[in-house]
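In: here's my sequence, what's the structure:
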Amino acid sequence: MKKLDRKRVFDLLKKDNQALIGQEINVKGWVRTRRGNKNVAFIALNDGSIIHNLQVVVDVKAFGNDELLRQITTGSCISVNGKLVESQGKGQSVEVQATEITLYGSADPEKYPLQKKGHSLEFLREIAHLRPRTNTFGAIFRIRHALSFAIHKFFNDEGFYYLHTPIITGSDAEGAGEMFRVTTLDLKNPPLDDKGEVDYSQDFFGKETNLTVSGQLEGELGALALSNIYTFGPTFRAENSNTSRHLSEFWMIEPEMAFYDIHDNMDLAESFLKYLVAYLLAHCEDDLAFLQKMYDDKLFERLRMVQEHTFERLTYTEAIAVLEKSGKKFEYPVKWGVDLQSEHERYLVEEAYGKPVILTDYPRDIKAFYMKLNDDGKTVRAMDVLFPGIGEIVGGSQREEDYDKLHGRIHEMGIETSDVWWYLETRKFGTAPHSGFGLGFERLMLFVTGMGNIRDVIPFPRAPQNAEF
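Out: Next up is the predicted model:
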């Protein structure tokens, strides 16, 4: 096969591809379909760079290799040399007139599971090793890449530093205890101490350790030295919730900022979310249009709602009053002091205000130990950003910088001070006002793709009783 520079399907289908028309090019990818007759064959080729396929046209008689053409079936992988020409047919602007084809890998049509027909998302989860080849998951994973890049670009351009916080940790940032244990001890015969309990002093790290549920606490340490940092990495929850909204392994974005109060925190969260949505609208239009057509006919409308509206800001207490006066019968009754459910949050966004909402000043008893107490002694400077269709998408707060108040909250929550002594020490040595928030990456992916199950926005989902691939 003659050596030619390989072109991506994305580049061949771009509007400014005029310089390539008439040129001999090489393209490689996977066959989506092949059709034709004894005179001409049409091959739809996709290399994952774009939602659209490139049509490859083969003059069967001139090509002279019927046996090779028979092996080119849905799912097979090929390399094509040919001339890029303007297409005479409908559905594409250009096509390749093939002169040479190399078959890299065949796909038995009797066994290859992704034939040209509709497949349920449930079925595709069972073949997660192949589902990226479908239009749906190609679009989702390209959007996932673009969103990841936009996150890093936003924070870099805003002067933040990317901090790598540990995945293995000896602390529980949320105080929830739903953590995966990390150990090298023999589980069949673990060493015991004088009390008959597992002696973790003999474990690899010399203490009990777990997979992290959040990089926040370590992120705060970075912010109290570098001013503005962010983390973006995997986090883990051993929560036995087998639902369409929960994963056992997911990614979190957690900025922490020295000298930010709760209002600065809200401003950053709003500008961050608007930036991400604007970036996707500018760079992923074709993939978003496909997902809107196939899964969510209101996708662009919801994305533009975020981009175009100033977020409504109100306190938790004000929100409770709005909910109580709504006359709406909720599954979970509303009263001051309860943790708001998704149905409450969505009512505020979708019916009460018609735009994203930021709630602040939650009751202290339903929030974490590190949130700054308000002067009323009953509420903390927490903030949640609520989105249409999904409810809470961001959770954050101004952090408690006062040593005595923080120590008191840690004691109240039953957290061992020996586990967070280093966190407390930052309040002894040069403490400063600071704030931060957390954004679940997969929850954001649900919003920007219109998908209904969180297992469909991560390549290889981890959930209770499911660690395949």
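
In: strands of the stretch 351-469 of the chain, residue ranges please.
Out: Listed in chain order, the strands of the stretch 351-469 of the chain (DSSP state E, counting those that start in this stretch) span residues 357-363, 379-387, 391-398, 434-440.

In: name the residues that touch the first one?
Out: Translated: strand 357-363. Strand 357-363 is contacted from outside by 262, 266, 269-270, 311-317, 319, 336-337, 340, 345, 348-349, 374, 378-386, using C-beta atoms under 8 Å, 6 or more residues apart in numbering. For every residue, glycine as well, the C-beta is placed using N, CA and C.

In: one more time with 7 Å, if that's ok
Out: 262, 266, 311-317, 319, 337, 348-349, 374, 378-386 (C-beta atoms under 7 Å, 6 or more residues apart in numbering).

In: out of the strands of the stretch 351-469 of the chain, flag the one nearest residue 254.
Out: strand 434-440 (4.7 Å; C-beta to C-beta).

In: quick one: mean pLDDT over that closest one.
Out: Strand 434-440 shows a mean pLDDT of 98.

In: number the residues from 459 up from this point.
Out: Got it, the first residue is 459 from now on, which makes the last one we talked about strand 892-898.

In: that strand packs against which elements?
Out: helix 674-684, strand 707-716, helix 720-741, strand 849-856 (3 or more C-beta pairs under 7 Å, 6 or more residues apart in numbering; DSSP states H and E).

In: now with 6 Å?
Out: Identification of packing neighbours for strand 892-898 by 3 or more C-beta pairs under 6 Å, 6 or more residues apart in numbering; DSSP states H and E yields strand 707-716, strand 849-856.

In: would a markdown table of those strands with mean pLDDT be doable?
Out: Shown next, in a markdown table, are those (pLDDT from 0 to 100):
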| stretch | mean pLDDT |
| --- | --- |
| strand 707-716 | 98 |
| strand 849-856 | 96 |
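
In: possible to save those as a markdown table with mean neighbour count and distance to residue 762?
Out: Listed next are those as a markdown table, based on neighbours: other C-beta atoms under 10 Å; distance: least, C-beta to C-beta, whole Å:
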| stretch | mean neighbour count | distance to residue 762 |
| --- | --- | --- |
| strand 707-716 | 23 | 22 |
| strand 849-856 | 22 | 16 |
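
In: need the ones you listed in CSV (columns: distance to residue 651).
Out: Converted to CSV, the helices and strands packed on strand 892-898 look like this (distance: least, C-beta to C-beta, whole Å):
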stretch, distance to residue 651
strand 707-716, 32
strand 849-856, 38
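
In: I figured residue 903 hits residue 914, correct?
Out: No - checked against C-beta atoms under 6 Å, the pair residue 903 and residue 914 is beyond contact range at 9.0 Å.

In: intersection of neighbour lists for those two?
Out: With contacts defined as C-beta atoms under 6 Å, 6 or more residues apart in numbering, no residue is shared by residue 903 and residue 914.
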